[in-house]
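Chemist: what would the 3D arrangement of this be:
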Amino acid sequence: IEEEGKLVGYNLTAGGGLGMSHNNPNTYPRKADVIGFLKRDQVEAVAKAVLTVHRDFGDRTDRKHARLKYVLEEKGVAWFRQELESRLGFALEDPRPYRFERQGDRFGWHQQADGRSFLGLFVETGRIKDTDEIRLKSALRKVVDTYDTQVRLTPSQNVILVNILPEQVDGIDQILKEHGVSTTHEKSPIRSATMACPALPTCGLALAESERYLPGLIDRVEGLLQSRCMDREEIIVRMTGCPNGCARPYMAELGLVGNGVNQYQLWLGGTPNLQRLARPYMEKLPLDDLEKTLEPLLLSWKAAGGRRSFGDHIEKLGDQEVSALLTASA
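Modeler: Residues are numbered from 1 along each chain as shown. Below is the predicted model:
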């Protein structure tokens with residue numbers, strides 16, 4: 001939290017977590033609660049106190065239930081704050097107001113406040129690799145070797161090259177061009193907002209595909225949107241191969257969670273700024289049925305005039321109406 005351009009402290013959040021297990025109602029994704037405000041010099045003490053609360057009250061009998069989020073859910077925020085303050089020896093202030101507008105990265109060239117530049121590069125499904133058309137891995141290696149460029153990995157699985165001097169811009173542009181990497185982001189809004197976990201064949205927990213399937217799946221969704229003249233609409237899409245939630249599907253507007261071979265839980269209703277949990281509407285959606293399942297929802301969204309995001313439209317419809325549209329598509 002800043003005031004007049006200066007950092008004054010932090011809002012403490014606790015109890016969030018997106019991991020769960022299929023067919024285990026004692027596990028579930030959960031948003032964190034905002035507990036209170038702390039000053040800059042109180043961070044370490046507060047962090048230690050949070051850890052000791054979990055140590056003393058967390059579930060030691062069930063590994064799948066051994067998370068701080070379940071302590072918060074079962075005992076409540078008021079109890080947690082009181083317990084925390086008793087260990088700290090001082091009271092937290094009430095949370096300060098804040099607002100997150102949206103998630104996502106800025107692609108292409110942009111100027112930093114200090115006059116240097118940064119470059120945002122889209123990395124589909126987070127996998128930095130070389131293909132026949134785009135040799136992203138080799139390009140980044142050459143840029144870093146040539147200019148000692150600093151690299152940032154973003155929470156949306158993309159890459160940002162930062163602190164680039166004005167005289168380095170043209171050279172970096174040329175290297176990327178030689179490797180087929182575009183610095184002008186031309187992906188569709190929906191593709192730009194996707195994420196996938198590695199899943200098969202890398203992860204031993206995966207029940208279904210994710211990283212390898214997502215690009216083709218987005219091709220299909222793009223085709224569906226284009227056929228309805230909705231190709232410039234953004235939908236936050238997340239896909240995982242198991243319910244552990246590594247790509248954050250439970251806060252997406254459209255989340256697919258692996259639940260068997262070629263079968264996925266369908267989660268709907270998150271927000272573009274990832275501040276609301278989605279809800280599960282189908283337990284086992286075969287990917288072959290993707291288009292006919294989504295089409296009634298998209299047509300309903302279009303008929304509403306597109307004034308809301310897709311996730312907000314799902315929330316406005318309500319569970320009964322969404323379930324009726326999904327049933328009609330079956």
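
Chemist: from now on I want contacts and neighbour counts done on CA atoms only, so please keep to that.
Modeler: Fine.

Chemist: strands along the stretch 51-200 of the chain, start to end?
Modeler: If DSSP state E, counting those that start in this stretch is used as the criterion, the strands of the stretch 51-200 of the chain fall at 108-111, 117-121, 150-153, 159-164, 194-196.

Chemist: tell me which of those is the most buried.
Modeler: The highest mean neighbour count among the strands of the stretch 51-200 of the chain, using mean count of other Cα atoms under 10 Å, belongs to strand 194-196: a mean of 28.

Chemist: helices of this protein, start to end?
Modeler: Taking DSSP state H, the helices of the chain run over residues 43-57, 68-75, 77-88, 136-147, 169-178, 189-192, 214-227, 290-303, 310-317, 319-329.

Chemist: and of the strands of the stretch 51-200 of the chain, who's closest to residue 50?
Modeler: Checking those against residue 50 by Cα to Cα gives strand 150-153 as the closest, at 27.7 Å.

Chemist: mind putting the helices of the chain into TSV with distance to residue 256 and mean neighbour count?
Modeler: Supplementary listing: the helices of the chain in TSV, determined by distance: least, Cα to Cα, whole Å; neighbours: other Cα atoms under 10 Å:
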stretch	distance to residue 256	mean neighbour count
helix 43-57	31	14
helix 68-75	23	18
helix 77-88	30	16
helix 136-147	27	16
helix 169-178	33	16
helix 189-192	15	20
helix 214-227	10	16
helix 290-303	10	16
helix 310-317	14	20
helix 319-329	15	14
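
Chemist: ok, the residue nearest to residue 256 when sequence neighbours are not counted - contacts?
Modeler: Nearest non-adjacent residue to residue 256, counting by Cα to Cα, 6 or more residues apart in numbering: residue 239, 4.7 Å away. Contact partners of residue 239, counting by Cα atoms under 8 Å, 6 or more residues apart in numbering, are 195-197, 210-211, 214, 247, 249, 255-258.

Chemist: turn those residues into a markdown table, including distance to residue 132 and pLDDT.
Modeler: Output for the contacts of residue 239, formatted as a markdown table (distance: Cα to Cα, whole Å; pLDDT from 0 to 100):
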| residue | distance to residue 132 | pLDDT |
| --- | --- | --- |
| 195 | 22 | 96 |
| 196 | 22 | 97 |
| 197 | 23 | 97 |
| 210 | 22 | 97 |
| 211 | 19 | 97 |
| 214 | 19 | 97 |
| 247 | 27 | 96 |
| 249 | 30 | 97 |
| 255 | 30 | 98 |
| 256 | 29 | 98 |
| 257 | 30 | 98 |
| 258 | 30 | 98 |
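
Chemist: now those residues in CSV, with distance to residue 67?
Modeler: Shown next, in CSV, are those (distance: Cα to Cα, whole Å):
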residue, distance to residue 67
195, 24
196, 24
197, 21
210, 26
211, 27
214, 30
247, 19
249, 19
255, 23
256, 23
257, 21
258, 22
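
Chemist: just those residues now: which is nearest residue 79?
Modeler: Nearest to residue 79 among these: residue 249, at 29.6 Å, using Cα to Cα.

Chemist: wouldn't that closest one be in contact with residue 257 here?
Modeler: Yes: using Cα atoms under 8 Å, residue 249 is in contact with residue 257, at 7.0 Å.

Chemist: what touches both of these two?
Modeler: Contacts common to residue 249 and residue 257, judged by Cα under 8 Å, 6+ apart, are 239-240, 267.

Chemist: and of the residues you listed, the nearest to residue 37?
Modeler: Using Cα to Cα, residue 267 is the member of those that lies nearest residue 37, at 32.5 Å.
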